[in-house]
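Novice: need a structure here:
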Amino acid sequence: DKIRVSGHYIDTHDNSSSPSTATTGAANIFFNWPLTELTTQYRPKNVSLNVISSISPSLLNETTFGYSTAWTNVTGSTTAFARKTYGVTLPLIFPNTNQSNIIPGITFGSLPNQTLPTFSGLTSLPNLIPNPVFTLSTTFSKNYRGHNLKAGMAYLHSRFDSPALSTNTNGTAGFANDAQNAFNTGDPFATALLGYYDTFSQSNKGVFTSGAYNNIEFYLQDNWKVTKHLTLDYGMRMSFIPPQHDLLNQEAAFVPSQFSFAQAQRLYAPVLVSGQRRAVDPANVPAQFTVADTFPTSYIGLIVPGSGNPTDGIVTRKGGLEPGAINNRGIQWGPRFGFAYSPGSNSKTVIRGGFGISYDRIQFNVLNRYTQGFPNTIPTTLYYGALSDIGSQSGVVGPPAGQAAATDGHIPNTYSDSLGIQRKIGWGTV
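Specialist: Model prediction:
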């Protein structure tokens, strides 16, 4: 009777299918027109073991081991997304990146009160995302002279592997009614039919992120019945929540203090040639603007090849960036206090109150921004050009989309407080 052992095992299956769908959460794939049916399989499993030990008449220990895994798998017809199925020959900025030969994403905008066709987020099928979690917790409880004392710890280790969902390897074309676009027709569909885009973006490769984190927490608690009218409940929780990090050490971030204006890259600037917009290198402006010594309009805002340092201000894990791109804040202190007080002798009124501080961690998607961005991949956007000219600009790229790091690493926290009064008013009513 001094030791009790129990456990459980749970295995759940959940499948959902739709001909035009938005899959959210682990796999952010979206299309609102019937390309094909996507099937999302979600299968969580959980096993746990609980051991309760009576060490002495007043001392009890409870220890729990747990392991769970939940994977999401998105499957569908690969031919329904293949370029050759629709005869798509659109050139790409990085032709060798789209290994799955998936059609480019499309977005339309600037038409009010319209549901516009959209396709985005798909880089390959199937998309399998596992999420294993291991937990261990133990608690000691002891009754001593009116005190109910508790002390314990909890450990959690979590993995979340993310395929290259955030890296746009198949390219995305955007069409809008944009007055800055010299090819603008006033209608995004007409502009697309004529073969012109507002924006076209693509990354030079996909990046797989293997995220992980550990939580370790300790706590001390005392429930003390001071008198028959007053009970105090107080304690301290110590939370050690180091940043989630990439096991492949791929984090990279822009750190403003490491940026040098002297090493900054130049961008092609706009000029007029016979009333037509062209592009020019601001460091090599010709005496007279002609078509021969300027560049196409689509070069405007792109980086002049060979200028500056492309990684100016970027710090990587190898260069000293902290795991997860933020500093470890160490132990976070979470005091807790509560009371229950019944004034008078008839105990018809009870006043209760409490205060506590709790801590959480930053969501996983933030880590993806540090691993699946520049310089691990080069996300490039072209502006205002012809779809047929995209391939000719493979050597000219736009300013990459990077992620700045708030290295102080503040942890989300919650302050909770409560105060209430309960009063018996008779007839079994409070």
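Novice: mind listing the helices for the stretch 51-200 of the chain?
Specialist: When assigned using DSSP state H, counting those that start in this stretch, the helices of the stretch 51-200 of the chain occupy the ranges 83-86, 188-193.
Novice: Reformat these as CSV; add mean neighbour count.
Specialist: All C-beta spots, glycine's among them, are computed from the backbone N, C-alpha and C. Shown next, in CSV, are the helices of the stretch 51-200 of the chain (neighbours: other C-beta atoms under 10 Å):
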stretch, mean neighbour count
helix 83-86, 13
helix 188-193, 17
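Novice: For A70, find the nearest of those helices.
Specialist: helix 83-86 (32.9 Å; C-beta to C-beta).
Novice: chain center to that closest one: distance?
Specialist: 32 Å (C-alpha atoms, centre = their mean, to the nearest Å).
Novice: Ok, stretch 201-220 next?
Specialist: Relative to the centre of its chain, stretch 201-220 is centred 9 Å away, using C-alpha atoms, centre = their mean.
Novice: Pull out the buried residues from that stretch.
Specialist: 201-204, 206-207, 209-213, 215-217, 219 (16 or more other C-beta atoms under 10 Å).
Novice: What is the end-to-end distance of it?
Specialist: Start-to-end span of stretch 201-220 (C-alpha to C-alpha, to the nearest Å) is 53 Å.
Novice: and it, what's its mean pLDDT?
Specialist: Stretch 201-220 comes out with an average pLDDT of 90.
Novice: picking up where we left off before, the helices of the stretch 51-200 of the chain into a markdown table, with extra columns for distance to A287 and mean pLDDT?
Specialist: As requested, the helices of the stretch 51-200 of the chain are exported to a markdown table (distance: least, C-beta to C-beta, whole Å; pLDDT from 0 to 100):
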| stretch | distance to A287 | mean pLDDT |
| --- | --- | --- |
| helix 83-86 | 45 | 88 |
| helix 188-193 | 35 | 92 |
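Novice: wait, which of those helices is closest to P379?
Specialist: Short answer: helix 83-86, nearest of the helices of the stretch 51-200 of the chain by C-beta to C-beta, at 20.7 Å.
Novice: now for the closest one, which elements pack on it?
Specialist: With contacts defined as 3 or more C-beta pairs under 8 Å, 6 or more residues apart in numbering; DSSP states H and E, helix 83-86 has no helix or strand neighbours.
Novice: Contacts made by that helix with the rest, please.
Specialist: Residues outside helix 83-86 that contact it (C-beta atoms under 8 Å, 6 or more residues apart in numbering): 79, 89-90, 98, 101-103.
Novice: rewinding a little: could you dump the helices of the stretch 51-200 of the chain to CSV with distance to L35?
Specialist: Compiled in CSV, the helices of the stretch 51-200 of the chain are given as follows (distance: least, C-beta to C-beta, whole Å):
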stretch, distance to L35
helix 83-86, 10
helix 188-193, 17
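Novice: Looking at the ones you listed, spot the one closest to R423.
Specialist: Closest to R423 of the helices of the stretch 51-200 of the chain is helix 188-193 (C-beta to C-beta; 64.9 Å).
Novice: so how far is the closest one from its chain's centroid?
Specialist: Its chain's C-alpha centre and that of helix 188-193 lie 33 Å apart, by C-alpha atoms, centre = their mean.
Novice: Using CSV, write out every CA atom in that helix.
Specialist: Listed next in CSV are the C-alpha coordinates belonging to helix 188-193 (Å, rounded to 0.1, in the frame of the first residue of the first chain):
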residue,chain,number,x,y,z
PRO,A,188,-4.9,43.2,-61.7
PHE,A,189,-6.4,40.4,-63.8
ALA,A,190,-5.8,42.4,-67.0
THR,A,191,-2.3,43.2,-65.9
ALA,A,192,-1.7,39.4,-65.3
LEU,A,193,-3.2,38.5,-68.7
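Novice: And the contacts of that helix?
Specialist: 108-111, 116, 173, 175-177, 181, 183-185, 197-198.
Novice: one more time with 6 Å
Specialist: Residues lying outside helix 188-193 but in contact with it, judged by C-beta atoms under 6 Å, 6 or more residues apart in numbering, are 108, 110, 175-177, 185.
Novice: follow-up on the earlier one: now, among the buried residues of stretch 201-220, which is nearest to N32?
Specialist: Taking the buried residues of stretch 201-220 together and measuring to N32 by C-beta to C-beta, the closest member is S201, at 19.9 Å.
Novice: show me the contacts for the closest one.
Specialist: Counting by C-beta under 6 Å, 6+ apart, S201 touches 168, 172, 381.
Novice: Could you export the contacts of helix 83-86 as CSV, including neighbour count and pLDDT?
Specialist: Below are those laid out as CSV (neighbours: other C-beta atoms under 10 Å; pLDDT from 0 to 100):
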residue, neighbour count, pLDDT
T79, 9, 80
T89, 8, 89
L90, 16, 89
N98, 20, 82
N101, 13, 85
I102, 21, 85
I103, 20, 87
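Novice: Can you tell me which of those residues is nearest Q276?
Specialist: Nearest to Q276 out of these is L90 (C-beta to C-beta; 25.0 Å).
Novice: What separation is there between the closest one and G353?
Specialist: Distance from L90 to G353, counting by C-beta to C-beta, to the nearest Å: 65 Å.
Novice: Neighbour-wise, give me the winner out of the contacts of S201.
Specialist: Taking other C-beta atoms under 10 Å to define a neighbour, the member of these with the most is N168, carrying 24 neighbours.
Novice: what ranges do the helices span in the stretch 251-400 of the chain?
Specialist: Counting by DSSP H, counting those that start in this stretch, the helices of the stretch 251-400 of the chain are 365-371.
Novice: ok so, going back, and which of the buried residues of stretch 201-220 is nearest I362?
Specialist: Among these, Y213 lies closest to I362 (C-beta to C-beta), at 9.5 Å.
Novice: Just confirm that closest one is within a strand.
Specialist: Yes. Assigned with DSSP: H, G, I helix; E, B strand; the rest coil, Y213 falls within a strand.
Novice: Show me what it bridges to in the sheet.
Specialist: For Y213, the beta-bridge partners are S158 (DSSP bridges).
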